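Peer 1: predicted model and sequence follow; I will ask about them next.
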Amino acid sequence: MNTVINPAKSLNGTVVVPGDKSVSHRSVMLGSIAKGTTHVTGFLTGADCLSTISCFKKLGIDIEVDGTNVTIHGKGLHGLTAPTETLDVGNSGTTLRLMSGLLSAQPFNSHVTGDASIQKRPMGRVADPIKLMGGKITSKNEKLTAPLDIEGCKLHGINYTLPVASAQVKSAIILAGMYADGPTTITEPEATRNHTEIMLNYLGADIKTEGNTITVNPVEELTARDISVPADISSAAYFIVAALICPNSEVTVLNVGINPTRIGIITALLDMGADIELKNERIVCGEPVADIVARTSRLHGTVIKGDIIPKLIDEIPIIAVAACFAEGETIIADAEELKVKESNRIETTTAELNRMGAEITPTDDGMIIKGVHKLHGAECNSYDDHRIAMSVAVAALAAEGSTTILDSECSNISFPGFYKLFDTLREA
């Protein structure tokens, strides 16, 4: 499917974006190994999260889906059963990495695969600490990529320092660590999103965090509790940036998760002079939530690097869009992780925005963006990467002339109905 985006004279109104992808994934995984029934509201029914549901059904868990409501009949910490077929994670790196840690501790073996993109994703960063714990994740591919064979083993606790900050790798070790014979400590170079720790403690686990060190104590049981999934700040980001760069605009996004490990984009945009306001701040199921208001702003360049990068890694393509409309130069560095996402997002963000008239120079670990104030319409590729497709769509709203996004349906991975939701805000 191709989508044509025409410029918007303004964007005004209130929207509700889909549930947080990270929290949705974890609600299924942790609900499956909790004892009792977990009722989830606000679940993201994108392709990635549905892949997680599919995998856990194959692991013997009864899961019911009714729109954005999901009911998980958990069987307890030791209730998963051996799959009779390959576990297919589709395009979901979160499912692959987190589930690999969990499966390493089960009393059975598993075979896990995914789509062509997933089969290029490096898994050594998960396999290495799991091996130190006594687990075994192998692949027939030299670079240890899916398909993977995961041998269930009795694990022991370790002290491990992550070589690269990664919430997915950290979470894989945490899930394995719950089954270990002693405590596991994980030290990260920078703090990453902590949804796994929050939800596990909400369900009765014993996980302690001091600075950048997480201690996971073995647990006998998790207890099912209802989970309300906040709106995904990664999805809200497109509407926030669109309001900032389109004229005469004010957009409110309701019920957005503002976990401190995830709001790097808000910090970065405020540093660029954005008019953004957080209202009605509150705590829901352990997660901080707020309504976010964004208004047309005169932006200026900034430097984005260091420990803020893990807090906005998924939002860098849309931050690059904002930087195109800013005064001066924006530098993004320390973001090598972009190379191993659904696409190499350093290359793909640069290529498609430059196609629209941007001035972006890629670097080994990020990009340098010179503000040009105006982009023009073009025919752009999505690379089957949802974040590239949606970022280009936002750029097109503030560009001159129409833009065609090829293979635009990849946005359904994280944001079903993305393009139509913008139509409710726009004055053409």
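Peer 2: That came in fine, so what should we check first? Numbering: from 1, shown residues only.
Peer 1: what bits of the stretch 51-200 of the chain have low per-residue confidence?
Peer 2: Along the stretch 51-200 of the chain, no part satisfies pLDDT under 70.
Peer 1: kindly report the same for the stretch 301-428 of the chain.
Peer 2: 427-428.
Peer 1: tell me which stretches of it form helices.
Peer 2: For the stretch 301-428 of the chain, the helices defined by DSSP state H, counting those that start in this stretch cover 316-324, 345-355, 386-397, 418-423.
Peer 1: would you format those as CSV with distance to L338 and mean neighbour count included?
Peer 2: In this view, the C-beta of every residue, glycine as well, is placed from N, C-alpha and C. Listed next are the helices of the stretch 301-428 of the chain as CSV, based on distance: least, C-beta to C-beta, whole Å; neighbours: other C-beta atoms under 10 Å:
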stretch, distance to L338, mean neighbour count
helix 316-324, 6, 28
helix 345-355, 4, 22
helix 386-397, 10, 28
helix 418-423, 21, 16
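Peer 1: nearest to A242, out of those?
Peer 2: helix 386-397 (4.8 Å; C-beta to C-beta).
Peer 1: which strands or helices does the closest one pack on?
Peer 2: Under the contact definition 3 or more C-beta pairs under 8 Å, 6 or more residues apart in numbering; DSSP states H and E, helix 386-397 sits against strand 3-5, helix 233-245, helix 316-324, helix 345-355, strand 403-405, helix 418-423.
Peer 1: got the ones you listed as JSON lines, with distance to E64 columns?
Peer 2: Formatted as JSON lines, the helices and strands packed on helix 386-397 follow (distance: least, C-beta to C-beta, whole Å):
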{"stretch": "strand 3-5", "distance to E64": "32"}
{"stretch": "helix 233-245", "distance to E64": "24"}
{"stretch": "helix 316-324", "distance to E64": "34"}
{"stretch": "helix 345-355", "distance to E64": "35"}
{"stretch": "strand 403-405", "distance to E64": "34"}
{"stretch": "helix 418-423", "distance to E64": "26"}
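Peer 1: these: which one's closest to T161?
Peer 2: By C-beta to C-beta (comparing all of the helices and strands packed on helix 386-397), the closest turns out to be helix 316-324, at 25.0 Å.
Peer 1: show me where the stretch 251-400 of the chain has its strands.
Peer 2: 275-284, 287-295, 303-304, 329-332, 359-363, 366-370, 379-380 (DSSP state E, counting those that start in this stretch).
Peer 1: compare these and give me the one nearest A320.
Peer 2: Short answer: strand 366-370, nearest of those by C-beta to C-beta, at 5.8 Å.
Peer 1: how about residues contacting the closest one?
Peer 2: 301, 304-305, 316, 320, 323-324, 326, 328-335, 338, 346, 349-350, 358-361 (C-beta atoms under 8 Å, 6 or more residues apart in numbering).
Peer 1: where do the domain boundaries of this protein fall?
Peer 2: Taking automatic domain parsing as the reference, the chain has its domains at 3-19+230-427, 21-218.
Peer 1: tell me which of those lies nearest to A224.
Peer 2: Closest among the domains of the chain, using C-beta to C-beta: domain 21-218, at 3.3 Å.
Peer 1: could I get the strands of the stretch 251-400 of the chain in TSV, plus columns for distance to V40 and mean neighbour count?
Peer 2: Shown next, in TSV, are those (distance: least, C-beta to C-beta, whole Å; neighbours: other C-beta under 10 Å):
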stretch	distance to V40	mean neighbour count
strand 275-284	13	12
strand 287-295	13	21
strand 303-304	33	20
strand 329-332	34	21
strand 359-363	39	15
strand 366-370	36	22
strand 379-380	35	20
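Peer 1: G114 is nearest to which of the ones you listed?
Peer 2: Across the strands of the stretch 251-400 of the chain, G114 has its closest neighbour in strand 379-380 (25.5 Å, C-beta to C-beta).
Peer 1: return the residues in contact with G417.
Peer 2: Counting by C-beta under 8 Å, 6+ apart, G417 has no contacts.
Peer 1: got it, and T302?
Peer 2: A268, D271, M272, A326, T330, I331.
Peer 1: tell me which of the helices and strands packed on helix 386-397 lies nearest to P122.
Peer 2: Proximity to P122 (C-beta to C-beta) singles out helix 345-355 among the helices and strands packed on helix 386-397, at 15.3 Å.
Peer 1: sounds good, over and out.
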